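[1] heads up, no residue letters with this:
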C-alpha cells in the first residue's frame with residue numbers, strides 16, 4: 001500500500017519508539033479533558049478540520065480528497081483538508097511543541113502513552129469503544145485516546161511459482177521445514193530464497209510483529225514487561241530471531257545484504273528472482289501489483305504464516321497500524337470525531353487496501369483469504385503494557401522496533417561480526433533484565 005515504509009513503519013514499529021515528548025517542552029499540556037464524542041446528528045456538525053497523514057501518495061493522487069467528498073455526503077457542513085507529511089514522525093513531533101498539529105492526526109511513536117491526555121482528546125471509555133480492535137493500545141486510566149486506522153497480520157509474502165518449482169506445495173509447519181523449503185528453492189530454481197531488506201532496515205522490524213505466534217498467545221507482548229529474559233530457549237523472540245539467524249547462516253538470503261533495496265525487492269519478488277520476504281499483510285497488494293507489472297499475475301503472490309503450529313494450527317497476530325486521534329486543541333472536535341468514525345467504519349478504506357478493519361465485526365480482507373480458508377488462528381495481540389515494555393526496551397538500548405539489533409544478528413550469522421547466537425541472545429537477555437529491574441525505580 002502506498003509508498004514503501006509509510007505503512008510498513010507504522011503499527012508494530014511506530015507504536016514503540018516512545019521517546020517521550022518531554023524533550024519537546026513547549027505546547028504540550030493544557031488538556032481540558034473534553035471528550036471528542038461522536039455527534040448524534042450529522043447535519044448539525046460543521047467546521048473545517050485538518051487531517052495530518054503520512055500517506056503523501058494518497059494526498060498527491062487525490063484519493064484522500066475523494067474520501068472527503070464521500071464523507072461530505074453525510075456531513076455536508078464539514079470541510080476536510082489534508083496535510084501529507086513525508087517525515088511524519090519527525091515533523092509532527094516538532095509541531096506538537098505548539099497547539100497547531102491538526103485536528104485529526106496519527107499518534108506519533110514519540111509520544112509516551114501516559115502523556116496522551118496532554119495532547120489528545122479522549123474518545124470515550126474502554127467499554128464505549130469495545131467494538132474496535134486494539135483499543136487497549138491507547139487506553140489511559142480507562143479512557144481511549146485513539147482508534148486504529150486498520151490492523152495487519154504478519155507472515156511471509158512469497159512467490160508461489162518458485163515454491164512450487166522447489167516442490168513445496170504446503171505451508172511449512174516448523175522452522176526446519178521452512179529452512180528446507182528455502183534450500184530447495186536455492187538448489188532447484190537459482191532464485192534468492194529469502195530477501196532481508198537489510199539496507200533499508202525497517203523491514204527487519206517486521207519480525208517483531210510475530211510476537212505471540214509461537215504459542216498463539218495474545219499476551220506475548222505484555223509478558224515482556226519485566227526481567228523475563230525474552231530470548232531464553234523456546235521463547236517467542238528466541239524462535240523468531242533464531243529463524244532469521246539460520247536463514248543468513250545457511251546462505252539462504254542475498255549474498256550482500258548491504259546492497260538491498262526495498263523498491264527493487266518488490267519487482268524482484270514479482271519477477272521470480274527472489275522467493276520470500278517477512279512483511280505484514282499490508283504489503284500483499286503492493287507485491288501483487290509488482291507481479292502484474294513484471295508480466296506475471298497477482299495470483300503468483302501468496303502469503304504464508306510463520307512456520308510453527310499450536311495444536312495442529314498455524315497462528316497469526318493481528319496488530320494495530322497508526323492510531324487516529326483528535327487534538328486536544330481542536331476547535332471542531334465533533335467534526336474531527338465524525339471524520340475518524342466515518343473513515344474507520346464507512347469509507348471502505350480497509351477493504352480497498354486489503355488490510356484488517358479496526359471494526360471487530362467486519363470480515364477479514366480478501367488478502368487474508370488463504371489464512372481464513374486454512375483455519376489460521378488469528379488473534380488480536382494485546383498492547384496493554386506497551387508503555388512498560390517500551391520503557392525497558394529503551395533503557396536496555398536494544399530496540400525491538402528498530403532494525404539495529406537484527407542487522408547485527410545477520411552480521412553475526414554471516415561472519416561479518418564476531419560471536420555466536422548463544423552469546424548474542426545472552427547479551428540481549430542480560431541487558432533486558434537489568435533494565436527491567438531499574439526502570440521505574
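    Thanks, I have it. Everything numeric here is computed off the predicted structure, so don't read it as measured data.

[2] and the longest helix belonging to the chain, what does it pack onto?
    In the chain, with assignment by DSSP state H, the single longest helix is helix 421-438. For helix 421-438, the contact count by 3 or more CB pairs under 8 Å, 6 or more residues apart in numbering; DSSP states H and E identifies helix 236-249, helix 386-396, helix 404-413 as packing neighbours. Glycine gets a C-beta too; all of them are placed from N, C-alpha and C.

[3] select, out of the ones you listed, the one closest to residue 147.
    For these, distance to residue 147 was read as CB to CB. The smallest value, 15.9 Å, belongs to helix 386-396.

[4] look up how far residue 171 lies from the closest residue to residue 239 other than its chain neighbours.
    The shortest distance from residue 239 to any non-neighbouring residue, by CB to CB, 6 or more residues apart in numbering, is to residue 214 (4.9 Å). The spacing between residue 214 and residue 171, counted by CB to CB, to the nearest Å, is 16 Å.

[5] again with residue 213
    Separation of residue 213 from residue 171 (CB to CB) stands at 13 Å.

[6] could you pull up the residues touching residue 113?
    Residue 113 sits next to 18, 138, 140, 386, 387, 390 when contact means CB atoms under 8 Å, 6 or more residues apart in numbering.

[7] same question but for residue 77, I mixed them up
    Contacts of residue 77 by CB under 8 Å, 6+ apart are 43, 45, 46, 47.

[8] quick one: the strands in this structure?
    47-53, 78-84, 104-106, 124-125, 139-140, 143-144, 147-148, 151-159, 276-280, 301-304, 315-320, 323-326, 377-380 (DSSP state E).

[9] returning to what we had before: the longest helix of the chain vs helix 236-249, what angle?
    On the basis of axes from the mean of the first three to the mean of the last three CA atoms, to 10 degrees, helix 421-438 is oriented at 150 degrees to helix 236-249.

[10] which secondary element of this structure has the worst mean pLDDT?
    helix 5-8 (a mean of 41; mean pLDDT, DSSP states H and E).

[11] quick one, helices of the stretch 1-150 of the chain?
    5-8, 56-61, 63-74, 88-95, 116-119 (DSSP state H, counting those that start in this stretch).

[12] and residue 69, how many residues sit next to it?
    By other CB atoms under 10 Å, 11 other residues sit near residue 69.

[13] likewise residue 97?
    Residue 97: 15 neighbours (other CB under 10 Å).

[14] likewise residue 314?
    23.

[15] distance of it from residue 250?
    23 Å.

[16] can you give me the buried ones in the longest helix of the chain?
    421, 424, 425, 428, 429, 431, 432, 433, 435, 436 (16 or more other CB atoms under 10 Å).

[17] domain boundaries for the protein, per the record?
    5-150+321-362, 153-320+373-441 (automatic domain parsing).

[18] weakest of those by average pLDDT?
    Lowest mean pLDDT of those: domain 5-150+321-362, a mean of 86.

[19] returning to that earlier point: relative to residue 70, which of the strands of the chain is closest?
    strand 78-84 (10.6 Å).

[20] can you tell which of the strands of the chain is closest to residue 180?
    Closest approach to residue 180 among these is made by strand 276-280 (13.1 Å; CB to CB).

[21] buried stuff in that closest one?
    In strand 276-280, counting by 16+ other CB under 10 Å, buried: 276, 277, 278, 279, 280.

[22] in its sheet, which strands sit next to it, and in what direction?
    Its sheet considered, strand 276-280 pairs with strand 151-159 (antiparallel) by DSSP bridges.

[23] distance from the partner strand to the middle of the chain?
    Relative to its parent chain, strand 151-159 has a centroid offset of 11 Å by CA atoms, centre = their mean, to the nearest Å.

[24] got the angle between that strand and strand 315-320?
    130 degrees.

[25] now render the helices and strands packed on helix 421-438 as CSV, adding mean neighbour count and distance to residue 267.
    Formatted as CSV, those follow (neighbours: other CB atoms under 10 Å; distance: least, CB to CB, whole Å):
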stretch, mean neighbour count, distance to residue 267
helix 236-249, 20, 21
helix 386-396, 21, 34
helix 404-413, 19, 23
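
[26] any chance of these in TSV, plus distance to residue 272?
    Putting the helices and strands packed on helix 421-438 into TSV (distance: least, CB to CB, whole Å) gives the following:
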stretch	distance to residue 272
helix 236-249	19
helix 386-396	38
helix 404-413	24
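
[27] right, and those helices - which one's nearest residue 161?
    Between residue 161 and those, the shortest gap by CB to CB is with helix 236-249, which sits at 20.4 Å.

[28] which elements pack onto the closest one?
    Partner elements for helix 236-249 (3+ CB pairs under 8 Å, 6+ apart): helix 175-189, helix 404-413, helix 421-438.

[29] let me have those helices in TSV, extended by distance to residue 102.
    Conversion of the helices and strands packed on helix 236-249 to TSV gives the following (distance: least, CB to CB, whole Å):
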stretch	distance to residue 102
helix 175-189	43
helix 404-413	31
helix 421-438	35
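
[30] out of those, which comes closest to residue 118?
    Going by CB to CB, the one of the helices and strands packed on helix 236-249 nearest residue 118 is helix 421-438, 25.4 Å.

[31] give me the residues contacting that closest one.
    Helix 421-438 has contacts (CB under 8 Å, 6+ apart) with 225-232, 238, 241-242, 245, 392-393, 395-398, 405, 408-409, 412-413.

[32] ok, now with 10 Å
    Helix 421-438 has contacts (CB atoms under 10 Å, 6 or more residues apart in numbering) with 224-233, 235, 237-238, 241-242, 245-246, 249, 388-389, 391-398, 400, 405, 408-409, 412-413, 417, 419-420.

[33] and residue 213 and residue 171? Which one has more around it.
    For residue 213 versus residue 171, neighbours defined as other CB under 10 Å are more numerous around residue 213 (29 against 23).

[34] quick check: phi and psi on that one?
    Main-chain torsions, residue 213, degrees, to the nearest 10: phi -70, psi -30.

[35] picking that back up, residue 298 is nearest to which of the helices and strands packed on helix 236-249?
    Using CB to CB, those put helix 175-189 closest to residue 298, at 20.5 Å.

[36] great, nothing more from me.
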